[in-house]
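1. just to be clear, the model below is a prediction. Sequence and coordinates:
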Amino acid sequence: MSKALLKVDGLKKYFPIRKGVLNTHAGDVKAVDDVSFEVFEGETLGIVGESGCGKSTTGRLLMRLLEPTEGKIEFSGKVISELSNNEMRKARRDIQMIFQDPYASLNPRHNIGKILEEPLIVHGIGNAKERKQKVLELLEIVGLNEYHIKRYPHQFSGGQRQRIGIARALMTNPRLIIADEPVSALDVSIQAQVLNLLQKLQKDLKLTYIFISHDLGVVRHISNRVGVMYLGKLVELTASEDLYAEPLHPYTQALLSSVPVPDPMFEREQIIISGDIPSASNPPSGCTFHTRCPYKKEQCSQVVPKMQEVKPGHYVACHLYEALQH
Amino acid sequence: MRKKLLEIKGLKTTFFTDNGQIPAVDDIDFSVHEGEILGIVGESGSGKSVTSLSIMGLIPSPPGKITGGEILLDGKNLAQCTDKQMQKIRGKDIAMIFQEPMTSLNPLFTIGDQLKEAILIHNPKWSKKEAYARAVEIMKLVGLPRAEELLKDYPHQLSGGMRQRVMIAMALVCDPQVLIADEPTTALDVTIQAQILQLMKDLNKRLNTAVLLITHDLGVVAETCERVIVMYAGQIVEEAPIKEIFTNPKHPYTQGLIQSVPDMRYKKDNLYSIPGSVPKPGSIQVGCRFAARCEYAMERCLQETPPLFEAAEHHKSRCFLLEKQGVEQRVESVIKG
């Protein structure tokens, strides 16, 4: 196994809720609550979950676009959670992000050449001529042309804009790319093009990806390992074949069986869990999933289950599997 | 074959803009049969939503207008109805639910007020008490707990899944014959989506309401529909029973679309992708609209618009590749007949 490029330990992000005239601290929205994982060099780690589970917040914390409340982030041996803002800006040369909405993340007043050149200027890479060369090179890599350089974001289709977003992320030769729902806004036929491009780039440029998505089919397709999040916590983490073949956490099981399969001949026993996702400002006690869990035991509403390795490389946070451990 | 409830014949909806006329829906024919769930799939810009809005008489005018064809419901042509007449039909004979339930509910009124309004508009002789009783009944039917209390709540107090249930309740409150659902689960999470799809299937069985389900998600179609129509650039390119379309798709676009969806059950090494992107509506005037992206495109595809060919019983596809096959099949059926 290759070595860990990114190590996350006990990552937390609490957004305070303030109330009243005195602005007193009335509680917290626990967006990310004690999440730990590693990302190995050259792999794709998928993070899936429903809205409000904290997957995007996790992505932003890793880039330190949001300041973590607690926890340690180690990137290639360096603890980046303790860097000053200035040092962090330099460190971002190695960690880049691709966003969901390629229109909102591209400046409408800048042409593509300028958008792509900017990361190089920020990081002080190369002279004007070298920078231009690099812009052309990356446009080609993501499947666009030289004549696109003078155009503005609104002149591109959604798929092309996402290619520009990808090119921009690659400008500084990063080692880790955090992709937050990069294909969710795209039509199916375009989505496939972008996924294939991401995979090709990973192979050619030896990139490591963290791929955040709510679409389990897409995550399965692109990831080596997958982490499932529910209400700010990681509930299961394992190799992608394992997760889909034998999901252990009751939430993962329900999630997988809820996904509509594009095959009318496919028959299965669907587990439809009732109820909604509870609010992150007032999460249930103990295991946060106990309010919807079909296998709930008494202990589940009292004790928070710990993440444990049930099988080699297969981690799950559920009381059902504690017996197996001892 | 079941009775045809809603019949669309040669429907054409055009938008008149500064950049010229844009035919968003261009000459489509299909029918919705009694008690069935019919799916319409397509990517953005395929005209699937404009089709549903045309049926409901909700095309914003100007700039849009139904420029041709008929929409027949029980022999009545909805395309010719005045706004007043449409108001009586909408909600009573045909109802619709939308993608984002929050924008379809009025934030200033309680759920109860809004449900009762829908009931009283179509049943002006009912008392408020009767309307309230019906509202409670319909809320229970769509599986909402504590119906009496929920009726006093405002839309923002409900979760996304509950709001969509309220929308379904509101749509069904007058027992419509046809329910049009335009991307009803797109804004919802998968576990909630599964609940809503289950509910729609249950209601379809119990009330025998025909459903026209519009979606971009082939998975949703496979799990809920009996028949499906595939739209591309304002036209129907394929129509077939659900099993047929997934096991034996005939149009190159349908084939490509099905192959581009990542399947959760196994990993494909390389995902198939259709080259290029969806053409802007109205940009292709002659020939097959998919020709530029089609790997089987022939000279002829660029010059003539292919008609819908019969590929098998109840299976039609708009592709010249089927011409020969279609002829053979027609001959076969003549011999058999």
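-> Cool, the structure landed.
2. only C-alpha atoms for contact and neighbour calcs from this point on.
-> Will do.
3. mind listing the strands for the chain?
-> Because you didn't say which chain, this covers chain A. Using DSSP state E, the strands found in chain A span residues A:4-19, A:24-40, A:44-48, A:70-75, A:78-79, A:95-98, A:176-180, A:208-213, A:225-230, A:233-239, A:308-311, A:314-316.
4. meant chain B, my bad for not saying
-> Secondary structure of chain B, counting by DSSP E: strands at B:4-17, B:20-33, B:37-41, B:64-73, B:76-77, B:94-97, B:178-182, B:210-215, B:227-232, B:235-241, B:309-312, B:315-317.
5. could you dump those strands into CSV and include mean pLDDT?
-> Output for the strands of chain B, formatted as CSV (pLDDT from 0 to 100):
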stretch, mean pLDDT
strand B:4-17, 92
strand B:20-33, 90
strand B:37-41, 95
strand B:64-73, 91
strand B:76-77, 90
strand B:94-97, 92
strand B:178-182, 94
strand B:210-215, 94
strand B:227-232, 95
strand B:235-241, 95
strand B:309-312, 89
strand B:315-317, 93
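6. CSV for the ones you listed, including distance to chain A and mean neighbour count?
-> Output for these, formatted as CSV (distance: least, CA to the nearest CA, whole Å; neighbours: other CA atoms under 10 Å in any protein chain shown):
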stretch, distance to chain A, mean neighbour count
strand B:4-17, 19, 19
strand B:20-33, 18, 19
strand B:37-41, 11, 26
strand B:64-73, 24, 20
strand B:76-77, 34, 14
strand B:94-97, 20, 24
strand B:178-182, 16, 24
strand B:210-215, 12, 25
strand B:227-232, 11, 24
strand B:235-241, 10, 24
strand B:309-312, 19, 21
strand B:315-317, 16, 24
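7. reformat the ones you listed as a markdown table; add distance to A:E118.
-> Converted to a markdown table, these look like this (distance: least, CA to CA, whole Å):
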| stretch | distance to A:E118 |
| --- | --- |
| strand B:4-17 | 37 |
| strand B:20-33 | 38 |
| strand B:37-41 | 40 |
| strand B:64-73 | 42 |
| strand B:76-77 | 58 |
| strand B:94-97 | 45 |
| strand B:178-182 | 41 |
| strand B:210-215 | 39 |
| strand B:227-232 | 38 |
| strand B:235-241 | 43 |
| strand B:309-312 | 53 |
| strand B:315-317 | 49 |
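8. surely A:K132 meets A:I115?
-> No - at 11.6 Å, A:K132 does not count as touching A:I115 under the criterion of CA atoms under 8 Å.
9. and the two? Which one has more around it.
-> Of the pair A:K132 and A:I115, A:I115 is the one with more neighbours under other CA atoms under 10 Å in any protein chain shown, namely 22 against 17.
10. any idea how far the more buried one lies from chain B?
-> 23 Å (CA to the nearest CA, to the nearest Å).
11. my read: that residue touches A:L106, true?
-> Yes - between A:I115 and A:L106 there is a contact under CA under 8 Å: 7.3 Å.
12. on that earlier part again, tell me the most buried of the strands of chain A?
-> Highest mean neighbour count of the strands of chain A: strand A:44-48, a mean of 27 (counted as mean count of other CA atoms under 10 Å in any protein chain shown).
13. that one and chain B in contact?
-> No - using CA under 8 Å from any CA of the partner chain, we find that strand A:44-48 stays clear of chain B, coming within 11.3 Å at best.
14. return the list of helices and strands in contact with that strand.
-> With contacts defined as 3 or more CA pairs under 8 Å, 6 or more residues apart in numbering or on different chains; DSSP states H and E, the packing partners of strand A:44-48 are strand A:208-213, helix A:216-222, strand A:225-230.
15. sheet partners, orientation included, of the first one?
-> Spelled out, it's strand A:208-213. The pairing partners recorded for strand A:208-213 under DSSP bridges are strand A:44-48 (parallel), strand A:176-180 (parallel).
16. could you check the angle strand A:24-40 makes with the first one?
-> Think strand A:44-48. Calculated by axes from the mean of the first three to the mean of the last three CA atoms, to 10 degrees, strand A:44-48 forms an angle of 150 degrees with strand A:24-40.
17. which residues touch strand A:44-48?
-> A:39, A:55, A:208-216, A:219-220, A:222-229 (CA atoms under 8 Å, 6 or more residues apart in numbering or on different chains).
18. what do you get if the cut-off is 7 Å, keeping everything else the same?
-> A:39, A:55, A:208-214, A:216, A:219, A:223-229 (CA atoms under 7 Å, 6 or more residues apart in numbering or on different chains).
19. what do you get for stretch B:195-214?
-> Residues outside stretch B:195-214 that contact it (CA under 7 Å, 6+ apart) are A:272, B:33-41, B:48, B:142, B:176-183, B:224.
20. just give me the neighbour total for the residue in chain A positioned nearest to chain B.
-> Going by CA to the nearest CA, chain B is nearest to A:P262 of chain A, at 3.8 Å. Counted with other CA under 10 Å, the neighbours of A:P262 add up to 20.
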